[in-house]
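Asks: Next input, structure requested:
(one chain, ligands or ions: 1)
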Amino acid sequence: MVTLLEYLSFVYCCLNLIERLNFGIFYSKTNYVNALANWILISRMNKMNTTLHKIAIVDATGSGKGKRRFTRDAIGAGSRSVYGVLEKLGVEAKIFLAEDVLEKGFPKGFSSIFISAMSMDKIAVKRVISSWRKNAKGRVVVGGPISSELDSTLLSTRADIIVIGEGEKTIKELIEYDALRKSSSKEILEKILGIGYFYSKGKTKINGFRKYSSREEFRLYQASTKCITDYPKYFSAKVYVECVRGCSNFKGTKILLLDGRQCSECDYCDSYSLEDRLKCPEGIPPGCGFCSVPNLFGPARSRTPDRVVNEIAELLENNVKRIILSAPDFLDFGRDNELGDNLLMNPYFPKANTKLIEELLSQITSLESVAQGKAWIEVENVKAHLFTEEVAKILAKYLPGSSFSIGCETGSESHAIQLGRSSMPKETLRAVKIAHKYGLKSHVYFIHSLPGQTKQTATETVKLIHDLEPYIEKVTIYRFRPLPMSAFGDFPPPEPAIRNPISKMIADAANEVNLRKKTNLVGKKIRVILSEPNYREENGAIANILEGGPMVAVEDAKERIGEIVTVFIDKVITEKLVHGKIVE
Ligand code: SF4
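Replies: Numbering: from 1, shown residues only. All right, here's what the predicted structure looks like:
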């Protein structure tokens with residue numbers, strides 16, 4: 001008898017056929033026979049696979065050599081998205097933090113592990129894999145930004161399989177084709193797009209890349225919410241909810257690349273069609289030279305307000321208290337809706353979809369715990385050129401006093417143009433002035449040691465940092481890292497700012513501004529979330545400032561861990577820690 005699963009698989013295969021026919025690809029009888037064979041294979045395997053697997057998802061994002069030093073209070077959307085795919089397939093899974101499995105080992109009973117990580121986490125990933133292999137034989141799958149290094153990710157981590165770019169469809173196929181079983185054949189792996197693996201002794205193979213998801217497909221993906229309680233500090237952590245995937249900036253860098261490629265000013269990348277934009281005769285990856293988002297995740301696609309709101313509502317029901325509306329640019333939210341079937345690859349037109357943004361924020365802030373002030377919502381990133389008075393009014397109306405980040409990267413306009421930036425430094429200054437006028441808090445990001453950095457560009461960046469100071473909360477400086485699949489992927493990693501006098505000018509300016517900002521906290525009342533006991537102070541707790549900033553050691557707060565409270569800051573303890581007392 002045909003089960004529901006078999007029936008659905010059959011429908012799925014038929015839809016695939018129809019989809020291909022629509023694109024005008026000739027489909028022969030052999031293809032139909034193959035599709036039918038696939039259907040039988042998939043449906044039979046589905047039955048076995050979902051019951052045979054129990055997957056440990058290890059979130060290693062930001063864990064570096066094994067322990068997270070920064071962003072300890074952040075829970076990204078990546079591992080929850082992987083869990084969401086497994087949940088839909090009926091596969092049992094559990095999320096672990098890399099630092100926890102390294103300390104306590106893996107519990108028994110898991111058949112495979114999926115590790116999600118960034119390039120900087122390679123050492124942690126290697127350690128997790130060797131800890132896993134001590135007692136288990138199941139396959140190791142590694143995904144997230146770390147896999148954009150392709151063969152080198154496989155060779156350096158010794159994972160069995162890497163998932164490149166968006167993972168949802170690929171993970172689904174790994175399960176459906178039973179590719180997680182050690183005994184599964186190379187022929188099975190060869191069928192799956194978007195993966196890399198060891199083909200024969202020590203030799204790696206990268207299959208063809210998978211096309212990024214369409215807007216409709218992306219809207220069907222749903223990160224799991226029930227798995228949030230697998231994270232030890234979910235009740236006080238910032239939980240990222242994906243609103244937009246991909247980037248609308250498809251301009252390329254104009255900087256001469258190490259292999260001699262350079263923009264010839266053909267203007268294809270200013271075109272409205274993806275085909276033309278990707279036709280760059282020089283083969284320069286789209287987007288800012290240092291960034292791999294457009295190449296890895298494609299043009300910006302946004303989810304529907306309903307999907308975002310439902311996910312947030314479920315997280316809040318699970319006792320989450322801090323939500324970050326995550327996007328490479330939150331102001332791309334809903335811009336793609338106005339383009340019909342076209343893709344959003346123009347950073348400027350149409351302008352921000354304030355109607356849909358307002359609809360989203362109004363629904364979120366109507367949720368009971370948000371309306372009662374028991375949960376905190378903020379926006380992750382915005383692009384300065386889309387940030388207008390109208391946008392600021394909406395953010396201030398629904399998320400008063402909240403903060404967001406603006407990537408400025410360089411204070412020099414000519415450098416920004418060379419890098420392929422869509423927003424100019426003067427637009428960042430304009431945006432933070434508007435935000436300040438409406439009581440919103442901006443964090444501005446810069447990158448030192450970028451290709452094209454000179455004493456002149458650094459001097460202009462220092463000046464901009466000082467010009468921004470009255471209007472912002474904090475400046476963050478990153479060191480340039482050559483990211484695989486970005487235009488600057490082959491550039492050598494630069495030295496720390498301390499060893500480069502020009503980069504040091506930028507880092508010093510940021511440190512001066514941030515130190516003054518920290519001292520300014522003394523005497524202020526701020527809202528914090530109490531996160532963990534303070535082992536250095538009896539009955540004390542450590543808290544995170546909701547709108548971002550240093551940690552706060554709060555007196556007599558141990559019993560109230562997990563609550564949002566207002567504290568009065570009475571002194572600075574160290575560069576990263578201030579002291580406060582609960583005032584309500
Ligand atoms: S840095 Fe931002 S604007 Fe530039 S390509 Fe990356 S996501 Fe897009």
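
Asks: make it CA atoms for all contacts and neighbour counts henceforth
Replies: Will do.

Asks: What separation is there between K108 and S131?
Replies: Counting by C-alpha to C-alpha, to the nearest Å, the gap from K108 to S131 is 12 Å.

Asks: Give the residue from those two that has the larger number of neighbours.
Replies: Taking neighbours as other C-alpha atoms under 10 Å, K108 and S131 compare with S131 leading, 17 against 8.

Asks: For the more buried one, grab phi and psi.
Replies: Backbone torsions for S131, taken as degrees, to the nearest 10, come to phi -70, psi -40.

Asks: thought it was touching K104?
Replies: No. Applying C-alpha atoms under 8 Å as the test, S131 and K104 come out as separate, 9.9 Å apart.

Asks: Now do the shared contacts for those two.
Replies: Any residue near both S131 and K104 by C-alpha atoms under 8 Å, 6 or more residues apart in numbering counts here, and not one turns up.

Asks: Around the ligand, pick out the residues from the protein.
Replies: By C-alpha under 6 Å from any ligand atom, the residues of the chain that approach the ligand are 247, 249, 287-288, 291, 293-294, 328, 421.

Asks: Which of those residues are buried, as a ChimeraX select command?
Replies: In ChimeraX, this line selects whichever of these come out buried by 16 or more other C-alpha atoms under 10 Å:
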select :247,249,287,288,291,293,294,328,421
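
Asks: Let me know the closest of the residues of the chain next to the ligand to G143.
Replies: Nearest to G143 among the residues of the chain next to the ligand is V293, at 14.9 Å by C-alpha to C-alpha.

Asks: does that closest one really touch C247, like I thought?
Replies: Yes. Contact between V293 and C247 holds when scored by C-alpha under 8 Å: they sit 6.5 Å apart.

Asks: Turn the residues of the chain next to the ligand into CSV, including pLDDT and secondary structure.
Replies: Shown next, in CSV, are these (pLDDT from 0 to 100; DSSP: H, G, I helix; E, B strand; the rest coil):
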residue, pLDDT, secondary structure
C247, 96, coil
N249, 95, coil
G287, 94, coil
C288, 97, coil
C291, 96, coil
V293, 94, helix
P294, 92, helix
P328, 97, coil
R421, 97, coil
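
Asks: rewinding a little: what touches both of V293 and C247?
Replies: G287.

Asks: In this structure I255 contacts L450, no?
Replies: No. Counting by C-alpha under 8 Å, I255 does not reach L450; the two are 10.6 Å apart.

Asks: Need the pLDDT of the residue in the stretch 51-200 of the chain positioned nearest to the ligand.
Replies: For the stretch 51-200 of the chain, the residue closest to the ligand is P145, as judged by C-alpha to the nearest ligand atom, at 13.1 Å. pLDDT, P145: 91.

Asks: Now do the contacts for it.
Replies: Residues in contact with P145, defined by C-alpha under 8 Å, 6+ apart, are 117-119, 164-165.

Asks: got it, and S362?
Replies: Applying C-alpha under 8 Å, 6+ apart, we find S362 in contact with Y398.

Asks: Please report how far it lies from the ligand.
Replies: As defined by C-alpha to the nearest ligand atom, to the nearest Å, S362 lies at a distance of 26 Å from the ligand.

Asks: what do you get for R210?
Replies: R210 sits 20 Å away from the ligand when distances are taken as C-alpha to the nearest ligand atom.

Asks: I'd assumed G196 was in contact with that residue.
Replies: No. The pair R210 / G196 is not scored as a contact, 11.8 Å apart, by C-alpha under 8 Å.

Asks: quick one, strands of the stretch 251-400 of the chain?
Replies: Along the stretch 251-400 of the chain, counting by DSSP state E, counting those that start in this stretch, strands occupy 301-302, 322-326, 376-379, 381-382.
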